[in-house]
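**Q** got a predicted structure here, sequence first:
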Amino acid sequence: MSGDVEVVAGPIAPEQNTRESPCSAWPWYLGASMKFTLSGIAALAVGVALTVSCSSSHFSTEYVTLAVPGPTPGCMAVNETGVYWADTYAGTVLRGPAGGFPDGGVPTTIASGLNPTCVAVDATNLYWTNYTTITKVPLGGGKPTVIASGQNGVGGIAVDDKNVYWTTILDDNAGFGVVMKAALDGGTTPTVLATRQLAPGAIAVAGDNVYWVNQGTTAGDDGSVMGMPAVGGTQPTAFASGESTIYGIAADPLAVYWVTAAGNVRSAPSEIVPPGMPAPAVTTLASSQVSPTAIAVSASGVYWTSDVGPEGVGGSVLSIPTGGGIVALASGETFPNAIATDTENVYWISYVGQQTKLHALSTSGVTP
């Protein structure tokens with residue numbers, strides 16, 4: 001790639017919403033109003049035109065893709081050993097090398113004969129859900145260990161150095177969703193952290209706290225973002241309520257981030273406040289996005305995917321780097337519904353025809 005992308009902060013008139021990007025030659029969409037205050041990472045410039053280089057000197061790895069037969073995968077995770085994802089319908093959990101590999105590379109199958117829906121990883125084990133169980137396997141290979149079974153409709157999964165966390169539904173009544181945790185060795189009975197959650201879905205852990213989204217009902221505008229200490233024992237803090245359906249969540253020690261079906265990318269300070277105290281202030285980082293579905297955060301910035309791009313062009317991958325401004329990283333993607341990032345790269349998965357594709361893109365130099 002070569003050329004510059006001009007990133008404009010602040011309100012954009014409707015006729016300016018679509019412009020040609022020399023980086024990727026596609027009409028890219030910034031929306032009618034953007035706000036670039038990124039709590040937990042950096043204060044970003046507001047109302048200033050920024051220029052971001054897309055030369056190969058800044059992006060050492062360009063659209064590295066891996067063709068994998070099968071349908072759209074679920075969520076993904078990354079650590080220094082590689083990037084991991086679940087292919088639900090093929091029934092496999094897969095690994096690719098950190099940083100990506102050339103087209104035609106073959107991923108490593110970590111486990112098969114499953115119906116995995118989501119994955120999490122730490123330094124030694126890979127964890128996944130398959131609607132009813134939480135399972136782990138050593139990264140170097142070995143026999144899978146069931147940490148918890150008898151669950152119902154398991155949603156998201158997250159892990160820290162002590163426990164694995166997940167969301168599930170006690171029965172078909174969405175109002176009976178729960179948030180659970182269990183010790184990493186699976187040697188204890190799972191603990192209920194929160195009950196009567198409204199269709200809990202994606203989950204994240206950062207510092208000493210665990211955060212999750214309640215997707216709400218089909219009636220809309222009853223989604224919420226919740227958090228509580230990972231040790232449990234208290235009522236959850238509501239970081240946001242009255243949201244449209246919330247799909248993705250990410251967290252770092254200073255802030256929690258989420259995307260909504262209404263097209264908002266939002267954040268709030270990650271502090272857990274006692275019941276009865278005012279909720280943390282919510283900041284809208286970007287609005288008028290088109291079907292944002294997944295979000296990730298690292299020291300280099302916040303990253304998210306949009307399922308449907310402008311004028312039917314396709315989905316996109318966008319970022320707010322620590323230097324400020326919204327940067328369009330990729331365009332023309334078909335259903336990019338999973339994203340992860342580490343200190344060097346951002347990864348996402350898209351679906352093209354009968355193939356899924358894993359993409360890796362260096363984040364170095366993605367600054368004003």
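**A** Nice, thanks for sending it over.

**Q** nearest spatial neighbour of residue 116, chain-adjacent residues omitted?
**A** Nearest residue to residue 116, sequence neighbours excluded (CB to CB, 6 or more residues apart in numbering): residue 86, at 3.7 Å. For glycine as for every other residue, the C-beta is placed from the backbone atoms N, C-alpha and C.

**Q** tell me the strands beside the helix or strand that contains that neighbour, with direction?
**A** Per DSSP states H and E: residue 86 is located in strand 82-87. Here strand 82-87 has these sheet partners by DSSP bridges: strand 76-79 (antiparallel), strand 92-96 (antiparallel).

**Q** now the shortest one: how far from the chain's centre is it?
**A** Taking the mean C-alpha point of strand 76-79 and that of its whole chain, the gap between them comes to 10 Å (CA atoms, centre = their mean, to the nearest Å).

**Q** same check, this time on stretch 265-278
**A** With CA atoms, centre = their mean, you get 20 Å for stretch 265-278.

**Q** avg pLDDT for it?
**A** The average pLDDT for stretch 265-278 rounds to 88.

**Q** do the same with stretch 201-213
**A** Stretch 201-213 comes out at a mean pLDDT of 95.

**Q** list of residues touching that stretch?
**A** With CB atoms under 8 Å, 6 or more residues apart in numbering as the test, stretch 201-213 has contacts from 75, 155-160, 165-167, 179, 181, 193, 197, 200, 214-215, 223-231, 239, 246-253, 256, 258, 270, 272.

**Q** quick one: buried residues of it?
**A** Buried residues in stretch 201-213, defined by neighbour count with 16 or more other CB atoms under 10 Å: 201, 202, 203, 204, 205, 206, 209, 210, 211, 212, 213.

**Q** again, but for stretch 236-249
**A** 236-241, 243-249.

**Q** how about stretch 80-92?
**A** 82, 83, 84, 85, 86, 87, 88, 90, 92.

**Q** the residues you listed into a markdown table, with extra columns for pLDDT and distance to residue 291?
**A** Converted to a markdown table, these look like this (pLDDT from 0 to 100; distance: CB to CB, whole Å):
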| residue | pLDDT | distance to residue 291 |
| --- | --- | --- |
| 82 | 90 | 29 |
| 83 | 91 | 23 |
| 84 | 92 | 25 |
| 85 | 89 | 20 |
| 86 | 85 | 21 |
| 87 | 81 | 22 |
| 88 | 78 | 20 |
| 90 | 79 | 25 |
| 92 | 86 | 27 |
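
**Q** can you tell me the SS state at residue 225?
**A** Here residue 225 is recorded as strand under DSSP: H, G, I helix; E, B strand; the rest coil.

**Q** partners of it in the sheet?
**A** Bridge pairing for residue 225 - DSSP bridges - gives residue 213, residue 240.

**Q** that one and residue 303, how far apart?
**A** 18 Å (CB to CB, to the nearest Å).

**Q** next one: residue 84
**A** The value you get for residue 84 to residue 303, if CB to CB is used, is 17 Å.

**Q** can you tell me the closest non-neighbouring residue to residue 307?
**A** residue 291 (4.0 Å).

**Q** and the residue nearest to residue 116, what does it touch?
**A** So residue 86 contacts 73, 74, 75, 76, 92, 93, 94, 116, 117, 118, 119, 128 (CB under 8 Å, 6+ apart).
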